[in-house]
Every structure is written in C-alpha cells, then in structure tokens.
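Enquirer: Starting from these lines, generate the structure:
(2 chains)
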Amino acid sequence: MDSILISVLNRTLVAGTPLLLATLGEIITERSGILNLGIEGMMAVGAVAGFIVTLATGSPWLGMASAILAGILISAIHAFVSISLKANQVVSGLALTMLGLGGASLFGRPFIGRPLPVKMAPFRIPILADIPLVGKVLFNQDPFFYLSLILGVLLWVLLSRTRWGIQIRSVGENPAASEAQGLNISTVRYICVLIGGGLAGMAGAHLSLIYSKSWTEGLTGGRGWIVIALTIFALWNPLRAFLGAYLFGCIFVLQYILQPIGIPPNLLGMMPYLATLAVLFAGGLKKGRRYLHAPAMLGEPYTKGER
Amino acid sequence: MKLRIRIDHRIDASPSLQVTVLLFSLLAGLFTVGMVFAASRVNPFLALWKIFSGSFGSLYGIKETITKAIPLILIGSGLALAFRARFWNIGAESQLLMGAICATWIGLNWGPRLPGPIIIPAMFLAGFLGGALWAMFPALLKVKFGINEVISTLMLNYVAAELLTLLIVGPWKGVTQQGFPYTDDFPASATLPLLYGSRIHYTTLIIAVFACVLLFMLIYSTKFGYELRVIGENIEAARYAGIDFMRNTVIMMLISGGMAGIAGVGEVAGIHHHLTYPQAISSGYGFTAIIVAWLAKLNPIAAIASGLFFAGILVGGDAIQISLGLPAATVQVFNGILLFFLIMGDFFLNNRVILSLERKE
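Expert: Predicted coordinates:
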C-alpha cells in the first residue's frame, strides 16, 4: 500500500511540475498586464527544442537551456505584436498557439518515437531522502522539480516583496501612473512576457525529457490551456499556483489509476478538462474576490501619454 | 539629417486603405511563409506555386476547395458574429462535433423509416440545436459567473472529442464496420446529394451562403446586431445604454454554435456518411475558421471569400504533403503566420505612421 501511495504522490509531482512552471510564467506575464494565450504553442516548441538538443548533445541540461531560449524567442513575437503594435492579445495568442504547435510538429517530425539516450537522473538529497514516505516523494525527484519549487518561491518574493515586483504589478494595474513614476511600460512588459515564454519553454522540456521521455505530436495535450485556467485559479499568486498545479497533476495521474477499475478511458480523459471548468466555476462563485485580484489592465494595450 | 518616425492615432480608415493593408499583410505573410519553406530546404516559389496550383489550378482542386470551404464559411461567419461582441468562441471544433453527433442520431434512428425530404431537414435542425446548446454553456458560464469563455470553450472541445470517441467505440459502434470505431453507414435517405463528379454537398453550401447573407443583415440592420456591436466596442457604454448583455450574449452564442453544428451535419451526412474519429470529422475547421473570420474583418459575406481562400490553403497543403513531402503541420504554421500578419496590419489601420527627414540644427 505504501509503495502505491508513494508512486501516486511521486507521479503527481512529476505531472504537476510542467503545469507549475508554465503557470508561474503566465502569472508574471499577466501581472504586467499582458494576456498570453499561446502557452500551448510555447510549451510544444520548448518540448521539441529540448528534445532535439538533448539528442544531439547528450546533455539534458543543454536541452533544458535551449528549451528556455526557444520559449523566450517565440514569446518575443507575442510581445512585439501585443506591446509594440498594440494588437489584439487574444488573437495574437491564438496565432502563437498555431505557429508553435505547427512549428513543433514540423521540426519534431524526424524525432517522433526516438528514445531519449540520456536520462536526467533524479537528484537525491542526502539524509532527507531517507525519511520514510516523505523522503522518497519529495527529496528524490528530478532537477526540474527542485528548480520549479525555487522559481515559485522566488517569483512570489519578487512579486510581493520587492520593488521590482511592485513595479511589475503597478504596470498591470495602472500603467499611466507607473509611467508618471518614470517606468518604461513597454520594457517592463517585454521582460515579463519573455520570462513567461522561457518558463513555458522549460515546462515543455519537462514534458519531453522527464514526463514522457520522448517526443510525439500532441504531447502538450491541452496543458497550455489548463495553465491559463490555473493562473486564474491561483489568483495570480505564485504560492497558490503550487496548489493548483499539483491538484491537476493528481488528476492526470488518477486517469491512469482508475482505468483498470473499468471506467471507460474516454470518460477519464475528460477529467482534467471538466476539472478545469469546475475550478473556474468555483472561482466564479466568489466573483468579488476574483475581480479584486485580476490585474486591472489585463489585455489592454497601453499608449504612451494616454489617460 | 535624422529620420523621425511619428505615430498618430487614426479614427477612420478608408476602404481603399483597408484593402491595401490587407493585401500587404497577406503578401508579407506569404513572404515569411516562403522563408519557412526555404529553412526546410524547399524552394519557396515552388511550394507556394504547388499550393496555388493544387487548390485553384485544376478542376479537381477547385472542387475540393469548395468542399472544404463549406464548413469554413459556416463556422467563420458564425464566429464573425461572436467576435463582433468580443466573445472569443474558440470552441467551434466541439460545436461542430455536437452537430455531427445529433445529426448522426437522427440519421441512424429515423433514416431507415423516413424519406429524405423529411430526414435531411431534421438532421440539419438537430445539428443546429446540438451546436447551439453546446455553445450555450460557455455563454451562460460567462454571463452568470464571469468565467473566461476562451478557456471554457476550449475545455469543451476536449470534452466533446472524448464524448464522441466514447460513442463510436462503445454504444454506437457499427456492426457492419468490421471492428473499426465507426457508426454504421447512414441509410441513403440520410445522406446529402453531391454535385456530379465531386464531393460538394451543395445543400450545405446553399445553406452556408444563405446564412452568411442573413448574418450580414442581422449584424448591420437589426437592433440585435447593433447591440452586439456596441457590446463589442464598449461594454460600459452598452451597460449605460441599458443593453441586455446576458440575453444578447446567449442568443449570439446559440447562433454562432448552431452554425458550427450545421457544418458538422454537412461533414457526416455529405462526406463521411458515418460518425468517425473526432479529428477526422472536424479536421481543425473550428480553428482555421478563426482566421477565416479575422481575414473577413468579421463580415459574414466576406467570410465566403476568405473561407474559399483558406480552403484553398488546406487543399494546397494536402498537395504539397504529397508532392514535396512536407508534413501536415506545415498548414498550421502557414495559418499561424498569416494570422500574425493580419493582426499586425491592424496597426497600420489604427495608426498613421509618418516618416520625415529632419535637418540637424
């Protein structure tokens, strides 16, 4: 029984990590006032870039780095179109999804089904890993997991405890006032969108290097869209993002555990998506609270000197 | 000498400017697509020529292009209505599937007993209702609970695809399909007639063109259309003017989803003649139609032309898959790039860019 529990918790954390990474990225992006719906595309690009580079160099670390770089590069398109050209952010995000998914399939086609020659070894934290149950679950994970924990806490500190964080949030809430304070709105927003892209790319690399250890079309499987919902569920707070990401990680795992019981796999396949709706629904019931936390100028382009 | 760039806001863009910007956006998009081809070591001129000749260059190509334009026109004009009200319906894929499911139920259960003139209208009606009701959920979730429609419509895409698969591998699995996960073929009375020597199910095409005209009149010359446009332009002004946001949004989504549902009927009754895998039925039409609507500037009549254009890209994309060995995803890249350039073009419609040379003092 213990071993099943350990395995479930373990896989929950593994399934939750890419969701967490990408959600953190979307949180900082949206906090600065930019809505990026292109996560699914950025994740796919990161997954392919990470996989190809790992295959070519034999180093998963280089793979992860290039996935981050690829995510940053493709998110730059969205940044340019929505910040500099003030285009519609919803449509730009959709275009980014198409471009990213298509580009990933195009470049990833020769690599479909190829096994990963090198695995990223789990990082065993000495002493702590020997604690029964908790040790095996928490302290014997892949490096992505630890990085995501560190990044989550760092992002929380950045957003809520530092000057930079206040500036980012103020750009999302009231760009005109922030500009009066001497901030360059475009620069702040560019940086935030690019960080978001990098984190989404990293999330994609986790999928191809750790979660499935291979590249297939449709690897991202709608996770990019779940991340958008998780960002709302987290009320744009990195610490709440942990809760949401692991909750959904657990739902992904339950899908496979419940299958042998005789529930049709297609019914289980609906679970993450129905759960996303349920989570949004629960959030929608406490409407006032939700609106208090959403960045006021989310999705609104900003023109210098306006208002 | 110093180059100065000044950007002024523009209130109205003349129709000729709109057309010019549109053409330049498309050209810039095609140029970028060409560079992607070049990066994949394919001669870009050859690839673009093959796409064009594959879709519009032969009688077969034209027939296929019209066939694929039918769902794109139906969905695209429905989306144009939704996007007018700034309601981001990304769920046309699943609304199409629900239309297909409802039509299949009618076709298989009533088809053997009733003649075509009764069964076909019944199927279209059922398909419309299926798509409309499926689209009503996200509309209600948005107006009642403030739930983001982008996510709810998208999540319902996955749910509907699983639901359809559940049906075709389970209770609806056909006994005559040798174990394949299809329903049984529709009886003859439940299939749409085709234009001779093609796959053009003209009944659906006529409905599509007719619906575009109706939607055009709905948007531009009814109170409902006017109210939708106000909601889309300025929600605060709409509230102030006493426009019923809830009622309008729900009705609008019933129509938008219903259009996609009709497209689903056309696909099962005109093309496949049975219910099969969701990917095979929707073929990404729901997503491509987003660009169709955008290229048409959210004008339902213009959606006929842009639907044909993107159908041409789909057919041409199939052609280069065979002749140049490019993967199916190429079309998706193509679409993504074109959509980017279309929205970038909007910048030049909304702003006047003035370049001037200035002497240094």
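Enquirer: Near residue 255, how many other residues are there?
Expert: As the question left the chain open, I've gone with chain A. A:Gln255: 18 surrounding residues under other Cβ atoms under 10 Å in any protein chain shown. In short, each C-beta sits where N, CA and C put it, glycine included.
Enquirer: could you do chain B instead?
Expert: If you count neighbours by other Cβ under 10 Å, B:Ile255 ends up with 21.
Enquirer: The nearest residue to A:Leu99 once chain neighbours are set aside: neighbouring residues, count only.
Expert: Here the nearest residue to A:Leu99 in space, its sequence neighbours aside, is B:Gly336; by Cβ to Cβ, 6 or more residues apart in numbering or on different chains that works out to 3.1 Å. Applying other Cβ under 10 Å, we find 26 other residues in the vicinity of B:Gly336.
Enquirer: Need phi/psi at B:Gly336.
Expert: Recorded main-chain torsions at B:Gly336 are phi -60, psi -50, according to degrees, to the nearest 10.
Enquirer: if I look at it, how far off is A:Leu62?
Expert: B:Gly336 sits 27 Å away from A:Leu62, going by Cβ to Cβ, to the nearest Å.
Enquirer: likewise A:Gly182?
Expert: Here A:Gly182 is placed at a distance of 39 Å from A:Leu62 (Cβ to Cβ).
Enquirer: Of all residues in the stretch 101-250 of chain B, which one is closest to chain A?
Expert: Closest contact between the stretch 101-250 of chain B and chain A, by Cβ to the nearest Cβ, is at B:Phe145 (3.1 Å).
Enquirer: So that residue is in contact with A:Val279, correct?
Expert: No: B:Phe145 is beyond contact range of A:Val279, at 12.0 Å (criterion: Cβ atoms under 8 Å).
Enquirer: Of those two, which one has the most company?
Expert: A:Val279 (20 against 17).
Enquirer: residues touching the more buried one, list them.
Expert: Residues counted as contacts of A:Val279 (Cβ atoms under 8 Å, 6 or more residues apart in numbering or on different chains) are A:Ala229, A:Leu230, A:Phe233, A:Gly244.
Enquirer: Repeat the analysis, applying 7 Å as the threshold.
Expert: A:Val279 makes contact with A:Ala229, A:Phe233 under the criterion Cβ atoms under 7 Å, 6 or more residues apart in numbering or on different chains.
Enquirer: Settle it for me: which of A:Gly182 and A:Leu62 has more neighbours?
Expert: Of the pair A:Gly182 and A:Leu62, A:Leu62 is the one with more neighbours under other Cβ under 10 Å, namely 14 against 6.
Enquirer: What does the pLDDT read for that one?
Expert: In this model, A:Leu62 is scored at 93, pLDDT.
Enquirer: isn't there a helix covering it?
Expert: Yes: the assignment for A:Leu62, made by DSSP: H, G, I helix; E, B strand; the rest coil, places it in a helix.
Enquirer: my read: it touches A:Leu55, true?
Expert: No: with contact defined as Cβ atoms under 7 Å, A:Leu62 does not count as touching A:Leu55 (10.6 Å).
Enquirer: And the helices in the chain?
Expert: Picking chain A for this. Per DSSP state H, chain A has helices spanning A:2-31, A:39-57, A:60-79, A:89-108, A:134-138, A:143-161, A:163-173, A:175-180, A:185-206, A:223-233, A:238-258, A:265-269, A:271-285, A:287-293. These are given in chain order.
Enquirer: that's the wrong chain, I wanted chain B
Expert: Assigned by DSSP H, the helices in chain B fall at B:15-39, B:44-56, B:59-84, B:92-110, B:116-145, B:149-169, B:202-221, B:223-233, B:235-240, B:245-266, B:278-282, B:285-295, B:302-323, B:329-350.
Enquirer: Where does the stretch 201-307 of chain A get nearest to chain B, residue-wise?
Expert: Residue of the stretch 201-307 of chain A nearest chain B, by Cβ to the nearest Cβ: A:Gly284 (3.1 Å).
Enquirer: and that residue, how many residues sit next to it?
Expert: A:Gly284 has 18 neighbours, counted by other Cβ under 10 Å.
Enquirer: Ignoring the adjacent residues along the chain, who's closest to it?
Expert: B:Phe145 (3.1 Å).
Enquirer: From what I see, that neighbour and A:Ala278 are in contact.
Expert: No: under the criterion of Cβ under 7 Å, B:Phe145 is not in contact with A:Ala278, lying 11.6 Å apart.
Enquirer: Starting from B:Ile301, give me the distance back to B:Arg84.
Expert: Computed as Cβ to Cβ, the B:Arg84 to B:Ile301 distance reads 14 Å.
Enquirer: got it, and B:Arg10?
Expert: Here the distance between B:Arg10 and B:Ile301 works out to 25 Å (Cβ to Cβ).
Enquirer: more crowded one of the two?
Expert: B:Ile301 (17 against 14).
Enquirer: okay but the more buried one is in contact with B:Phe216, surely?
Expert: Yes: under the contact definition of Cβ under 7 Å, B:Ile301 touches B:Phe216, with a separation of 4.8 Å.
Enquirer: ok, now which ones touch the most centrally placed residue in chain A?
Expert: Averaging the C-alpha coordinates of chain A gives a centre point, and the residue nearest to it by Cα atoms, centre = their mean is A:Ala22 (0.8 Å). When the contact criterion is Cβ under 7 Å, 6+ apart, the partners of A:Ala22 are A:Ile39, A:Met43, A:Leu199, A:Ala200, A:Ala203, A:Gly224, A:Val227.
Enquirer: What number of residues are in the vicinity of B:Met246?
Expert: B:Met246 has 12 neighbouring residues, counting by other Cβ under 10 Å.
Enquirer: Excluding chain neighbours, what is closest to B:Asn248?
Expert: Here the nearest residue to B:Asn248 in space, its sequence neighbours aside, is B:Glu227; by Cβ to Cβ, 6+ apart that works out to 5.4 Å.
Enquirer: tell me, how many neighbours does the one you found end up with?
Expert: Using other Cβ under 10 Å: B:Glu227 sits among 20 other residues.
Enquirer: so it touches B:Ile243, yeah?
Expert: Yes: the criterion here is Cβ under 7 Å, and B:Glu227 meets it with B:Ile243 at 4.7 Å.
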